[in-house]
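Novice: Got a predicted structure here, sequence first:
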Amino acid sequence: MSRLDVICERIHDAHGPRWERGGICVACVAEMMDRSDVSAVRKRAALVSVMRVDAARELLYCEEQRRIHFITSLLKTLFSAVDSSLLDQTVQVLLQVTLDVPNQALLLFILDQIHSRWTDGEKASLSSLTFLGKLLDAHPALSQTLTSSRLCVLECVCSALLVSDEDVKAAVCYVMFRIWSFSAAVQTLPDTLRQRMCVLLLHTLSHTHTTALTVNCLGVVKQMCQYSEVVCVLMSLKDGGEDPLPYQPLPLILKKLLLSAQDSLQVVSVRCVCAVLIHAPLHFSSSFIQADLPGVEPLVRSLKEALGKSNTEVQKKGLELLTVILDRQPAVVRLFPTSSEFSAVCDVIVEGVASSCLQVSMCAVRAAAVLLRPNHQSSPVQLADVRRIVEVVMSKITEHHHTRSRESCSGSKSGVLLQTLTCFDAACRLVEACVCDSSLKDGVCSAQETLDSVCVFLLHCCDAACIPAVTGVCERISSPQVLQLFLSALSRQFSLCPDHMTSFSRKLAASGFIRLTLESKAQLCSGNRNVSLNQICCDFLLKLCMCLISQEHTWTSELQDVERVLQESLPSLCCCASDWLSVLSDFPQSLRNTQHCLIYLLHLSLLHGDRFLSDSAVFCAVLRFVSCVQDLPASVLSSVLYLLSVTQHAGPRLDTVSVSVLSKALSSCPLLFSRALPLSVLSLIFLYPELSERFGAPALTGRLSEDTQEQELLELLHTNPAALLATLAVACDAESAASRSAVAVLLCFLRSADSLSISGTSDLCDQIRSVLLSVLQRHTHTDGLSVLLDVSSVIHSSAQMEHTDFRLLYHVSNLVGKLDSSDSEVLLSVFNFLYCFLSVCPPHTTDRAVSLLLGNVRLMELLEEVLSASSSSSSSLLCSSLLLLSSLTLLQHKHSAQVHRSVSVDLHQIIRRLAFSKRHTDTLLIKCSVRFVQVCLDVDTSALLCVCDAALQRPLTSIDGALHPIGHSGATSLMTALSALMLMTQDLMVSAALNCLGSLMGFLRRRSPETAQHMVCQPWMRFLLFSLLSCDQRLRPAALQLLTQLVCFSGGVSHWRTEVESVCEEIEKQGATNLTDDGTHTLRLMLTQCCALSPPDDLRMRMEAIQESLRHLPPSESSSRHMLRVGRVSVCLSDFTISTQDL
């Protein structure tokens, strides 16, 4: 043994030499026991060393205080240590100390220390009980001390039999065995404690799961049976089923063990029986004879052998006998205390159910139904075996259902179904007990199956097997017993699988189960017949309806009231569905709850597609009901509106009186609009102007206040203009959740709508303009204002402008004066509105509009700020700014309007963006930039634009001066960028680039004809034209327009004769009918331009022949004024289509 094992170097220096014996520091050993930083290995080694050296032990024992301290440390280790080897060594050292110092006071001190720890919250651990048992072995007389002066310790020992750890129970049994082995201790044992020991032992024997604990308990019982008075107590404990500690009588326990298959248990049981009978054979023998313990295990073994043979009569009788035994067995007597015994009988039943003989199979099913009672379950409940039984039973009914689906023997089929449903309902009842009963839930075996998985499995069986089988039988005959079991099993699913009931309840409702249950009640339960079936039907309907209702936002606040109405009315509702209409037409107050119940049931049925009454009948009955009943609850009125909305197609349009009745009902129930009404109800409200004007906005507010699907409301907005108007009103209201939702819905609507789909309704457009004008006059700056401006942008058309339009323009212009460049959302909507206004404004009014806007200095400042801060501004805002400035520039140039403030623009930065940053720039921003550059090139110079030329070298060269403000390098970069853009696949991008190229060539021809001629004749121009002509193997308008531009700017056809001839050849071969309207128009323009430039005679004749063939084609219709929404930006297509003006 190393010296380091018994000396702690960190504390050893404080100890003198007097503490050392044989190289062992006794002080270190004592202090090491108290330290938590010393490992269990070192503590054990120290204890081993000190026990081997007698001199060291004597040094520990020489002073009482030192001895007491050492024992206290060891007891602390006994309760706190987890290392088994250290615990064993601690027990040995404690025993050795009590043997080395034979002192009664020391033993009492140890008992008191143990008791104090037990009462201070530390459980009676296995190590402490083991030590106590060995202490009684070493000091037998201590047993009498426990039964006299230290009775509290013995009471704690007995209480340890109630813990779940069977090892602890075995240690308790050993302590009790030592006490009952000392006769003097037994004599002083109080009667109450003796009685408690007997009950605890019987309770333990009744619930033990291991052979070892059973043997230990029986050892104590055998020792107790040496005393006749104790035998009388044990045998007098007849039945403890109702006791707080349930137990079985001793004769029943011993007889059961005697019939077990384990030899050791049989031997111990026989010894205990003999120990009892020695005292009074005649008196006690009758108790053992009368103990009611059927021979289940022999019967199970015999059944297993019989099922392997072909004698079906033996199989049926055996299964019937098993059923009788299981059925008559007292609930307090557990036939299957262990899982192996329960699994064995399950094996037999599963084999019996799977038998090819239907009669044997049904006998096994009946036995399974009884076996699945909670009192027959082992502890823990064997869910895997329960699932095995249900699986084979369900497979049997499915097989029988399919094989007999074409037979007419409904009675036989109903009998088989009744037996299987009885078994399935018993399984559901058992699992429900496990879910609801905490004692059973804690004992559920989770090794192979979890409780949740079994619940889901039962739900699947109900869905896949029970429902098809029952509905198939009920189509031919209605059996009260079958329906009662079936609906009971269905009803239990709501407590077994609450998380899956949302989808399952919808499936049940959609499959007509509300109608099935109600028709069954009417057929089988009227006149107080089949009361239990009626109760089951009501329970199932209540659970199904409440589960469906809880999923509807409409009824959230009235769930309790709805449940109360259903509970009160369902039991008495036993009339046919055809009689419901007359019930709704009656007006006595006593029928009010019944009428409300019918309204709820009709609502839920129609909601899930189950129509068991015609729509026309429902519509008329509900309309009559609401006309005659006043002050309806919100939930009933909501159901009434839903029923009217989904059945109105089958009835006439509501007349003025009916609309007035509905209006009055809605006015009396403002609570209705605090919830999300269904889309069909909203459609009903917006169908009638009288209702939409008063209740449209409140109804939408309730819908928008909750999380709803935007797509549903979009359908309403597209089909109902009044709904769009009401949504705009909600959006422009004060800041709220509803207004924010309305804005989001309108934005989605704008993304899916266009000007043609909205502006077709002139009244709606006028109303939207009036709403916008009202909001602008109130100076309300909300998110709703922004979206309202966007809607107004979409509805702009080229129709005659009215006075209201210019009033709107005036107010929007004033609004700009109050905005800052940081108000990006509102600015975007304002710029969109102004751009759309200018784009669709009739030509004779554009001068008035542009003069108004150019007079707004703040508008010019904001445009300049947004464009100068292009890196921080949003892409959409930059696009709308460029488009608006382009329109203002063109119109100012056209009308020579007065400019109060110019806008500084860095045109070179825009060109650089097109030339070098195309991949990192939004596509729409590229198009808008190209459009702006085109406008700048078209107007040459503008009083509105102040183009920055800082990028040009100083002093300016002659070519840069001629091409000011873009210069030669800018023109070259722009030409390269436009050439690349024309090779893209987007038609609008190609058209915009082509238009800009035409403007650039015109700019160059005006400023520097040589430069223009040079660029036109570059090889890459021919390559670009070739690429466009060969794209998609068809003539694109862009290719024809580019060829036209190149021919015109080069001054003749000769340089491009090959390309012109290839176009003519293509047209001659395929004809012009395959061309689009734009292509035909562009082709006419190309041929006209080429013929005007004196082409060769042969080519001219070919082109004139093609022109002649184009004359019979109808002229193309232009949609130049059509507004297109691209994200948040409104775009006029005329700005991005191929220009067809003569060059």
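Specialist: Cool, got the structure. Model, not experiment: these values are computed from the prediction. Numbering: from 1, shown residues only.

Novice: The helix or strand where Asp425 lies: which residues count as buried?
Specialist: Assigning secondary structure by DSSP states H and E places Asp425 in helix 410-436. Buried residues in helix 410-436, counted by 16 or more other CB atoms under 10 Å: 410, 413-435. Quick note: C-beta positions are derived from backbone N, CA and C, even for glycine.

Novice: OK, contacts around the residue nearest to Val866 when sequence neighbours are not counted?
Specialist: Excluding the flanking residues, the one nearest Val866 by CB to CB, 6 or more residues apart in numbering is Ser881, at 4.6 Å. Shown in contact with Ser881 (CB atoms under 8 Å, 6 or more residues apart in numbering): 831, 863, 866-867, 873.

Novice: Try it again at 10 Å.
Specialist: Ser881 makes contact with 827-828, 831, 835, 862-867, 870, 873, 903, 928, 932, according to CB atoms under 10 Å, 6 or more residues apart in numbering.

Novice: same thing with Asp610?
Specialist: 508-516, 602, 604.

Novice: of those, buried ones?
Specialist: Applying 16+ other CB under 10 Å to those flags 508-509, 512-516, 602, 604 as buried.

Novice: any idea how far Gly352 is from the closest residue to Gly415 other than its chain neighbours?
Specialist: Spatial nearest neighbour of Gly415, chain neighbours left out: Met362 (7.8 Å); criterion: CB to CB, 6+ apart. Per CB to CB, to the nearest Å, Met362 is found 9 Å from Gly352.

Novice: Could you do Ser1027 as well?
Specialist: 82 Å.

Novice: Of the two, give the one with the bigger neighbour count.
Specialist: Gly352 (28 against 15; other CB atoms under 10 Å).

Novice: Quick check: buried residues in whatever helix or strand the more buried one lives in?
Specialist: Counting by DSSP H and E, the element that carries Gly352 is helix 339-353. Of the residues in helix 339-353, 339, 341-342, 344-353 count as buried by neighbour count, 16+ other CB under 10 Å.

Novice: still on that earlier bit, overlap in contacts, Met362 and Gly352.
Specialist: Contacts common to Met362 and Gly352, judged by CB under 10 Å, 6+ apart, are 316, 319.

Novice: where along the stretch 351-500 of the chain do the helices fall?
Specialist: 358-371, 383-403, 410-436, 438-442, 451-461, 467-474, 480-496 (DSSP state H, counting those that start in this stretch).

Novice: Test my guess that the residue nearest to Gly415 contacts Val353.
Specialist: Yes. Met362 lies in contact with Val353 (CB atoms under 10 Å); the separation is 8.7 Å.

Novice: Could you pull out the residues contacting both of those two?
Specialist: With CB under 10 Å, 6+ apart, Met362 and Val353 have common neighbours 319, 396, 420, 423.

Novice: Just to check, the last one is in contact with Ala369?
Specialist: In other words, Cys423. Yes. With contact defined as CB under 10 Å, Cys423 counts as touching Ala369 (4.2 Å).

Novice: Need the residues touching each of the two.
Specialist: 349, 389, 393.

Novice: Same list (those residues) but as JSON lines, adding distance to Phe1049.
Specialist: Shown next, in JSON lines, are the shared contacts of Cys423 and Ala369 (distance: CB to CB, whole Å):
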{"residue": "Ile349", "distance to Phe1049": "97"}
{"residue": "Ile389", "distance to Phe1049": "92"}
{"residue": "Val393", "distance to Phe1049": "90"}
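
Novice: Including distance to Thr921 and pLDDT, could the residues you listed go into JSON lines?
Specialist: What follows is these, written out as JSON lines (distance: CB to CB, whole Å; pLDDT from 0 to 100):
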{"residue": "Ile349", "distance to Thr921": "76", "pLDDT": "95"}
{"residue": "Ile389", "distance to Thr921": "70", "pLDDT": "95"}
{"residue": "Val393", "distance to Thr921": "70", "pLDDT": "94"}
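
Novice: Tell me the one among these nearest to Asp766.
Specialist: Set against Asp766, the nearest of these by CB to CB is Val393 (71.3 Å).

Novice: ok, the closest one touching Cys346?
Specialist: No. With contact defined as CB under 10 Å, Val393 and Cys346 do not form a contacting pair (11.9 Å).

Novice: Please identify every residue contacting each of the two.
Specialist: Common neighbours of Val393 and Cys346 (CB under 10 Å, 6+ apart) are Ala368.

Novice: hmm, back to that, can you tell me the average pLDDT over the helix holding Asp425?
Specialist: Average pLDDT, helix 410-436: 85.

Novice: Measure how it sits relative to helix 480-496, angle-wise.
Specialist: Computed with axes from the mean of the first three to the mean of the last three CA atoms, to 10 degrees, the direction of helix 410-436 lies at 30 degrees from that of helix 480-496.

Novice: helices or strands next to helix 410-436 in the packing?
Specialist: helix 339-353, helix 358-371, helix 383-403, helix 438-442, helix 451-461, helix 467-474, helix 480-496 (3 or more CB pairs under 10 Å, 6 or more residues apart in numbering; DSSP states H and E).

Novice: Specify the angle between it and helix 339-353 in degrees.
Specialist: 160 degrees.

Novice: where along this structure do the strands fall?
Specialist: 20-21, 24-25, 903-905, 945-947, 1123-1126, 1129-1132 (DSSP state E).

Novice: okay, the ones you listed in JSON lines with mean neighbour count next?
Specialist: JSON lines is the format used below for the strands of the chain (neighbours: other CB atoms under 10 Å):
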{"stretch": "strand 20-21", "mean neighbour count": "18"}
{"stretch": "strand 24-25", "mean neighbour count": "24"}
{"stretch": "strand 903-905", "mean neighbour count": "20"}
{"stretch": "strand 945-947", "mean neighbour count": "18"}
{"stretch": "strand 1123-1126", "mean neighbour count": "18"}
{"stretch": "strand 1129-1132", "mean neighbour count": "25"}
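
Novice: would TSV of those strands with mean pLDDT and distance to Ala980 be doable?
Specialist: Below are the strands of the chain laid out as TSV (pLDDT from 0 to 100; distance: least, CB to CB, whole Å):
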stretch	mean pLDDT	distance to Ala980
strand 20-21	64	96
strand 24-25	74	92
strand 903-905	92	23
strand 945-947	88	23
strand 1123-1126	80	21
strand 1129-1132	87	22
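
Novice: out of the ones you listed, which comes closest to Cys466?
Specialist: Distance to Cys466, taken as CB to CB, is lowest for strand 1123-1126 among those, at 54.2 Å.

Novice: Nearest the middle, which residue of the chain would you pick?
Specialist: Asp499 (10.6 Å; CA atoms, centre = their mean).

Novice: and that one, what is it in contact with?
Specialist: So Asp499 contacts 452, 455-456 (CB under 10 Å, 6+ apart).
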